[in-house]
Each structure stands twice: as structure tokens, then as C-alpha cells.
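Q: With the sequence up front, the predicted model follows.
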Amino acid sequence: MSDTADAVWQTIADAPRTTLGELFANDPDRLALLSHRLPIAGTDILFDFSKTHLDAGLIANFERLAQAMHLADMRDEFLAGAKINNSEDRAAEHTAERGLGAADSVEQAARLHERMAALVDAIDQGVFGEIRHVLHIGIGGSALGPKLIIDALCRDSDRYDVAVVANVDGEALSEAVDGFDPAKTLVAIASKTFTTTETLMNAESAIDWLRGGGVEDPYGQLVALTAAPDKAAEFGIDETRILPFSETVGGRYSVWSSIGFPVAMALGNEGFSEFRAGALAMDKHFATAPLASNMPVLAAFADLYYAQVRASQTRAVFAYDERLRLLPDYLQQLEMESNGKGVRRDGSPLGRASAPITWGGVGTDAQHAVFQLLYQGTHLVPVEFIASRLSVHEFDEAHHRALLTNCFAQGAALMQGKTSDDPQRSYPGDRPSMTILLDNVDPASLGALIAFYEHRTFANAMLLGINPFDQFGVELGKEIAKSMGNRQSGDFDPSTAALIEAAGL
Ligand code: F6P
């Protein structure tokens, strides 16, 4: 990190610690500075960061940090398709899947999307016989996105039943195929590398399940979603049902590519296009808005303030909408696999805290389980609330009013606190939160929301000097698991050897 960046960090750390209450009292224009309604892709998203400790002074200092870390230049390079993922010597081109990036990449992504849409149409038209179910097999970035989007948007879909299976535990596969008729099931094998052991094992077992269910040509019911089409062909999948995507699209950024095939199946091609259009609108905002009113960047300023200056080791995300209940899981991979790193892009030690631990849940359930710690525990946990102005369920609208009032009440109460003569009943208050209010949970809003999180993760990474697009940290565990089958228990440390013995492996 440059001397200038270090000096700016020092200034940020030395800034006076004004309470949230004082910040509101001192600045009547606080909402104008920190609460932004963004018209996006035909909808509106309200980003309220006013209950964080950011103020004009801190924002100005973070802008100086952004300058010292070349955030705007790095963003422009990233969006132009430069090789921003330096450790793997390649670009990170998920935005090209939405229509923003190097012209040839955008054009190639559009061609591959057309190919996927044609396959979805053909399935709709019965070219593969009567298909009712889709079994999507993938893990990590090849599962979490489809799972989230389908759970959020396809609750009432009368198109296909889609089950997503990730875990190598046979219980997961067994649960996923429960109720599926093998003759009417399409199996989508989603793996960027087409080498992931869990996915390939589940795929083999799914083929056995199809065969066991009387399907004579199980391979005729397979579709591959991958950046390694040759490997999928070697596996035995017909070229016409291999949907490739670019090597430059990272796993945790891949839901926009053919990894989104089950989303297109459940939602329809049009819905999947709207989802990508929502993300594109956020890409354009990220590409052009001044840093102080650029939502992903402003959110990253707050993230860094708490992780670096106030020593917050975690950040909590609560979806006050059942449709978004899987969002915390999705964000865990996005944020922790991207920025959970102890070295910078150039390999030098990070020298400060990496990304905080992302955790969370769904409101109002979480209020009755974990909020005690948020209110009175000793950890300072920045909290994020995500809610939707509209609901679509069939029950009385009182449910949605109660949901939203509970959501807004938590942010107010965390900030406000309460004094009492009884220490047990005192709340310190001054606890920060952000609130994101969607108009509705629809394809465009969800696309924009996920793109917001992607760019926020990128902004955090650039401000720290991290490469957010590799994940070497996950390799060692995979290697040891692979080798365990071929080695004697004596080759391991005493604890691991005893576990191997005890399990009879
Ligand atoms: O092990 C981590 C990881 O590489 C993730 O980054 C990725 O999303 C996941 O595994 C699945 O990889 P693949 O899509 O290649 O099967």
C-alpha cells in the first residue's frame, strides 16, 4: 500500500467518533448525503446509509483513499475487459454477460445467451419429450446463484420444478430428486471447470438414478453448463446440449452466464433477460456515478470504516422478505471467497484486516434468535436490512406492514439505544445499520441488487489492494481430501489419523 494510502487511513482512524444521533442532529441534510433513491431498470431502489457513521468528512477521506488506490482507474479497466485478475492472468468479465465490457466479449456472451434461449425454447416445445423437472447439479458459484434466484422469483412458476443439489452427501441428492419422475427430468451439470469432485459424483449418481428409473438413454437427458466444453463432451454429453460460457467469468459471478440455465427454465427466457438487464443498469451506475453518490462505492466506504477502524470482525445481513432468505448464503461466498485474503494483488502482506465475516438470516425470525447480541453484546456488528415495499402473497397486507415496521424498528432501535438505571435493561445504541428497500422482488430489482453487491465487493477489494477474482485458499483442503483415499492413516497428523481410523475409512 502506498504511503499516501497509509496516511489517509491514519486520518480516517483519527477522525472524531461522533455518534449517529449527533450526526443527524448536526446535519439537517444528512439524508441527502447518505440516502439515495436510484431509478434503475424501470424500478426504484432506496439505499439508506444514513444510519452508518459516514459523514461528509469521512466520505471525503475515503475519496482520497480511492484516489490513492486508483479505484476509478481499476474499475474502468475491469469494465473494459483488462486482465484485472492478475494472479490468473485473465479478465473478469461477468458484466459482459449483461452487455457491458469489451465489444468481442459482449458479442460472444450474447451469442451464447441466444444458444441457451434456443435450448430452453426447444425444451418448452417438447423436443426432449415431456420434461417437468430440472435437477441442477453444481456447487459454490455453480449453485448458490441459481438457488437464490429461483427461490426468490419462481415460487408460483408453473413452468418446471427445479431442484438444486450441491453437497456430496447423498442425502442432498436424495432430497433433490424426491418426487421427480426420472423420465421427465432433465439433469443440468453445472461446473465451470468440469472437474469438481462433488459435482461429478452427484452427476454420476444422477445418471444411475435416471437409468434405475427406466430411462434407456440417460445421457440424452443431460445438459452441461461449463467453461470447459471439451471436458463435458468427454463426460459423454452431446455437443448440442453443452452450454458454454467464458473462462473469464468467475464461479461466484457466473449466475448471469449459462450457469443461469435453470433460472431461465424456471422463469422463462424473458425473465432471465430482465434479470440481466437489472444488473446492466447497476453496472452503468457503478461505471459513471461520482464516487460519493455511487452506491456500491459508498457502501464499501462504510464496510471498510467498520472493518478497519472500528474493528468489526463480522457484518450481518438480514432479509426482511422470505423471498430473499438465501441472500446471506449467496453473499457469504461472494464476499468471503473474494476478499477473505491476507495478501495484496502483488503478493505482499495485506497488513490490515481482510473482509469481515458475512453472516445473517431472515427477519423477523432473527429478531427472536440473534438480535440480543446485536443490541447488547460487546461486538460492534454493522447490520444490513433488505426489504421490499411490495409483497405478492395472498394473505392480508397486515403481514407485510408488520414485516416492514419490524425491519425499520430494528434499525431505529439499534441506533437509538435506551438508558435505564438497570444495566441489564440498558441498550448502548449508536449501532450502525444500512437499509436497502426494493420496490418489489422482481427479476430486474434482484439483478440490480446482486450487481450492487458484486461491485461493492470489487470496490472493497480495490481499496484494500486485494485481487477479488481468485480463490487459491480453497485448494489445499481439496488436495488433501483427494489424496486421503490413496494414503495410509499413518501419513496424517495424529488427530486426523485417529478420525480416519474411527470412521473406518
Ligand atoms: O472450491 C471453490 C470453487 O472453485 C468456487 O469458486 C466455485 O464456485 C466452485 O468451487 C465450483 O467450481 P466449478 O464451477 O468449477 O465446479
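A: Sure, I can see it. Numbering: from 1, shown residues only.

Q: what's the lowest-mean-pLDDT helix or strand in the chain in contact with?
A: Within the chain, confidence by mean pLDDT, DSSP states H and E is lowest for helix 475-484 among all helices and strands, at a mean of 83. Here helix 475-484 makes contact (CB atoms under 8 Å, 6 or more residues apart in numbering) with 197, 492, 500, 505. Backbone N, C-alpha and C define where each C-beta goes, glycine included.

Q: Now the buried members of the residues you listed.
A: Buried members of those, counted by 16 or more other CB atoms under 10 Å: 492, 500.

Q: would TSV of the contacts of helix 475-484 with pLDDT be doable?
A: Putting these into TSV (pLDDT from 0 to 100) gives the following:
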residue	pLDDT
197	94
492	88
500	88
505	87
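
Q: Buried residues, the one helix or strand residue 316 maps to. List them.
A: For residue 316, the host element (DSSP states H and E) is strand 314-320. Neighbour-count burial for strand 314-320, with 16+ other CB under 10 Å as criterion, is recorded at 315, 316, 317, 318, 319, 320.

Q: Now do the contacts for the first one.
A: If I follow you right, that is residue 315. Residue 315 neighbours (CB under 8 Å, 6+ apart): 303, 306, 307, 356, 357, 358, 359, 381, 382, 383, 384.

Q: Would you point out the most distant pair within the contacts of helix 475-484?
A: In these, two members sit farther apart than any others by CB to CB. They are 197 and 492, at 19.0 Å.

Q: Which strand or helix spans the closest residue to residue 231 other than its chain neighbours?
A: Spatial nearest neighbour of residue 231, excluding adjacent residues (CB to CB, 6 or more residues apart in numbering): residue 194 at 3.7 Å. Assigned by DSSP H and E, residue 194 falls within no helix or strand.

Q: quick one: which of the buried residues of strand 314-320 is nearest the ligand?
A: The ligand has its nearest neighbour among the buried residues of strand 314-320 in residue 317, at 19.6 Å by CB to the nearest ligand atom.

Q: Which residues are in contact with the residue lying closest to that closest one once chain neighbours are set aside?
A: Excluding the flanking residues, the one nearest residue 317 by CB to CB, 6+ apart is residue 360, at 3.6 Å. Contacts for residue 360 were tallied using CB under 8 Å, 6+ apart; they are 316, 317, 318, 319, 327, 328, 331, 366, 384.

Q: try 10 Å this time
A: Applying CB atoms under 10 Å, 6 or more residues apart in numbering to residue 360 gives the contacts 314-319, 325, 327-329, 331-332, 366, 370, 383-386.

Q: partners of the host helix or strand of it, with directions?
A: Assigned by DSSP H and E, residue 360 falls within strand 357-362. The strands beside strand 357-362 in its sheet (DSSP bridges) come out as strand 314-320 (parallel).

Q: thinking again about what came up before, which pair in the buried residues of strand 314-320 has the greatest spatial separation?
A: Farthest apart among these by CB to CB are 315 and 320. That separation is 16.4 Å.

Q: Now do the strands in this structure.
A: 35-40, 43-48, 133-137, 161-165, 185-190, 222-226, 242-244, 314-320, 357-362, 383-388, 433-438 (DSSP state E).

Q: Distance check, residue 89 against residue 339.
A: 20 Å (CB to CB, to the nearest Å).

Q: Could you check which of those two is surrounded by more residues?
A: A direct count of neighbours by other CB atoms under 10 Å for residue 89 and residue 339 places residue 339 higher, at 22 against 7.

Q: ok now do the more buried one, which residues does it touch?
A: 303, 307, 350, 354-356, 358, 457-458, 460-461, 464, 466-468.

Q: That one and residue 454, how far apart?
A: 12 Å.

Q: and residue 10, how many neighbours?
A: Residues lying near residue 10 (other CB under 10 Å) number 11.

Q: who touches it in this structure?
A: Counting by CB under 10 Å, 6+ apart, residue 10 touches residue 61.

Q: which residues does residue 244 bridge with?
A: Going by DSSP bridges, residue 244 forms beta bridges with residue 226.

Q: surely residue 152 meets residue 446?
A: Yes: Residue 152 is within contact range of residue 446, at 5.9 Å (criterion: CB atoms under 10 Å).

Q: Can you pull the residues that touch both of these two?
A: With CB under 10 Å, 6+ apart as the test, residue 152 and residue 446 both reach 323, 324, 327.

Q: Out of those, name the ones that lie in helices.
A: Among these, DSSP state H puts residue 327 in helices.

Q: Now render the shared contacts of residue 152 and residue 446 as JSON lines, adding distance to residue 120 and pLDDT.
A: Listed next are the shared contacts of residue 152 and residue 446 as JSON lines, based on distance: CB to CB, whole Å; pLDDT from 0 to 100:
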{"residue": "323", "distance to residue 120": "23", "pLDDT": "98"}
{"residue": "324", "distance to residue 120": "25", "pLDDT": "98"}
{"residue": "327", "distance to residue 120": "25", "pLDDT": "98"}
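
Q: For the shared contacts of residue 152 and residue 446, which single residue is the most surrounded?
A: residue 327 (25 neighbours).

Q: ok, and the closest non-adjacent residue to that one?
A: Counting by CB to CB, 6+ apart, the nearest residue to residue 327 once its immediate chain neighbours are dropped is residue 319, at 4.9 Å.

Q: residues touching residue 204, list them.
A: Residues in contact with residue 204, defined by CB under 10 Å, 6+ apart, are 189, 235.
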